[in-house]
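In: All I have is the shape, not the residue letters:
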């Protein structure tokens, strides 16, 4: 009997059961059916808000991707998640309650209110580009995990397909309630599996224990230690991670949507603070797997296989729990991203293109169609994905323009001018295209520095020389936020 496969199947069946049960919660909810499907009727309690945030953060990048980075750069790769957690805490302190006040469903809707329809359209393009890129990498990570730990069952492509089927099924059937409840289960499994696997890895007689693993590590070319908290990736990149993640957390649709769906303002704030704290340790824990693999298997053909290789050396039961944990990380992130993309397509594209066709009765059908459409496109992207952390952190930098506008709109509204919207958001997209596809244009250690410099300069110029103020965001009670 294949213990790992059995544990994985039990977990997958459990998630599908939760998704089916979530349809009953949607039916019990009052009000618009689409609001129940896309935002859980705006009734998420504090704990579900927290695990939605944690599950979104702790995905393939936080497990497979961080271990990949640590295999090459050591412990400092764990800053990816510490930065993510910091972003969640910042949103909890300064923005989550403000988002819950707003009478909106998407970030592009906020941009449209402030700067007009053309800015809203460009915002949709930017948001979908970011989230579909990250979704595609969940397929990659899921395929790598399944093919490495169950090589007799899955190829890389087969593992990607299997992952996609589960991601889509949960989202398509159960909507936002399914995403929240499945993340509650997944976050528990993620930390349980990581801790159990770490304990066995560093106490396993086969590996010689912690001291033997540390002694077997090859010398690093730069002369720094593998356990150094910063030097592996460098202080500039660590700071870049933090700036990227705080920037992203404020205005990526998948994150903001969690606040939109909270029961009230207090719930949103508490949920984000708790979720941010829950995220903090995950990256550093997973970095230890990459370090162990660097000592025990220094000649892996692909650094992305560092964590799956460690998992393949564990006992069947612990390995099965760890397999479920790694896959749970992908599931938790992917379902939140797919729901975010579905919301964008429904609110900002379908309702504009088919405004005479969409009504309260068929809006959920259009939302579910969006899930399928985004899934196909992101799967195609997954076939060309490369380095996980590099791809994600560069794509997330596109959100700089949105964060700049939201922060200014909430705390310094007099600086927001209508003329700033389109050029600032366009600049953030052009910078990302240049950085990604024309390496000769790169200045500085990370794209986020260029994003803030250029977007900030355009924003300040508009604030100084333009007169027409941006529109104000309206709260649910009809007042300006």
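Out: Yep, it's here. These numbers were taken from a predicted model, which means no experiment stands behind them. Numbering: from 1, shown residues only.

In: From start to finish, how long is stretch 36-45 in a straight line?
Out: Taking Cα to Cα, to the nearest Å as the measure, stretch 36-45 stretches 14 Å from start to finish.

In: List the buried residues for that stretch?
Out: For stretch 36-45, burial by neighbour count (16 or more other Cβ atoms under 10 Å) applies to 36-44. In short, each C-beta sits where N, CA and C put it, glycine included.

In: Equivalent analysis for stretch 71-91, please.
Out: Within stretch 71-91, the residues that count as buried by 16+ other Cβ under 10 Å are 71, 73-91.

In: try stretch 232-246
Out: For stretch 232-246, the buried set under the neighbour-count rule, 16+ other Cβ under 10 Å, comprises 232-234, 237-246.

In: can you list these in a markdown table and add pLDDT, distance to residue 159 and secondary structure?
Out: Shown next, in a markdown table, are the buried residues of stretch 232-246 (pLDDT from 0 to 100; distance: Cβ to Cβ, whole Å; DSSP: H, G, I helix; E, B strand; the rest coil):
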| residue | pLDDT | distance to residue 159 | secondary structure |
| --- | --- | --- | --- |
| 232 | 84 | 29 | coil |
| 233 | 83 | 28 | coil |
| 234 | 84 | 33 | coil |
| 237 | 84 | 30 | helix |
| 238 | 88 | 32 | helix |
| 239 | 89 | 35 | helix |
| 240 | 85 | 31 | helix |
| 241 | 86 | 28 | helix |
| 242 | 91 | 32 | helix |
| 243 | 90 | 33 | helix |
| 244 | 86 | 28 | helix |
| 245 | 90 | 28 | helix |
| 246 | 92 | 33 | helix |
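
In: which one of those residues is nearest residue 314?
Out: Using Cβ to Cβ, residue 232 comes nearest to residue 314 of the buried residues of stretch 232-246, at 25.3 Å.

In: which residues touch the closest one?
Out: With contacts taken as Cβ atoms under 8 Å, 6 or more residues apart in numbering, residue 232 has the following neighbours: 70, 73-77, 220, 224, 226.

In: tell me which of the residues you listed is nearest to residue 438?
Out: Closest to residue 438 out of the contacts of residue 232 is residue 73 (25.1 Å), distances taken as Cβ to Cβ.

In: Contact partners for residue 245?
Out: Residue 245 touches 80, 83-84, 86-87, 396, counting by Cβ under 8 Å, 6+ apart.

In: Touching, residue 427 and residue 453? I think so.
Out: No - judged on Cβ atoms under 8 Å, residue 427 makes no contact with residue 453 at a distance of 10.3 Å.

In: who has more neighbours, these two?
Out: Ranked by neighbour count (other Cβ atoms under 10 Å), residue 427 and residue 453 place residue 427 first, with 19 against 14.

In: how about the more buried one, what does it touch?
Out: Going by Cβ under 8 Å, 6+ apart, residue 427 touches 401, 454-455, 458.

In: Let's test this: what are the backbone torsions at it?
Out: phi -60, psi -40 (degrees, to the nearest 10).

In: With residue 443 instead?
Out: Dihedral angles (degrees, to the nearest 10) for residue 443: phi -130, psi 130.

In: and of the contacts of residue 232, the nearest to residue 130?
Out: Proximity of those to residue 130 (Cβ to Cβ) peaks at residue 77, which lies at 21.5 Å.

In: Quick check: that closest one touching residue 63?
Out: No - contact criterion Cβ under 8 Å: residue 77 and residue 63 do not qualify, at 11.5 Å.

In: Need the overlap of contacts for those two.
Out: By Cβ under 8 Å, 6+ apart, no residue touches both residue 77 and residue 63.

In: Quick check: next helix or strand after the longest helix along the chain?
Out: Ranked by residue count and defined by DSSP state H, the top helix of the chain is helix 156-203. Sequence-wise, the next helix or strand downstream of helix 156-203 (DSSP states H and E) is helix 209-216.

In: Show residues contacting that next one.
Out: 202-203, 207-208, 226-227, 291-292, 295-296.

In: what's the neighbour count on residue 440?
Out: For residue 440, the neighbour count with other Cβ under 10 Å is 5.

In: hang on, the earlier thing: return the item of the contacts of residue 245 having minimum pLDDT.
Out: Model confidence across the contacts of residue 245 bottoms out at residue 396, which has 77.
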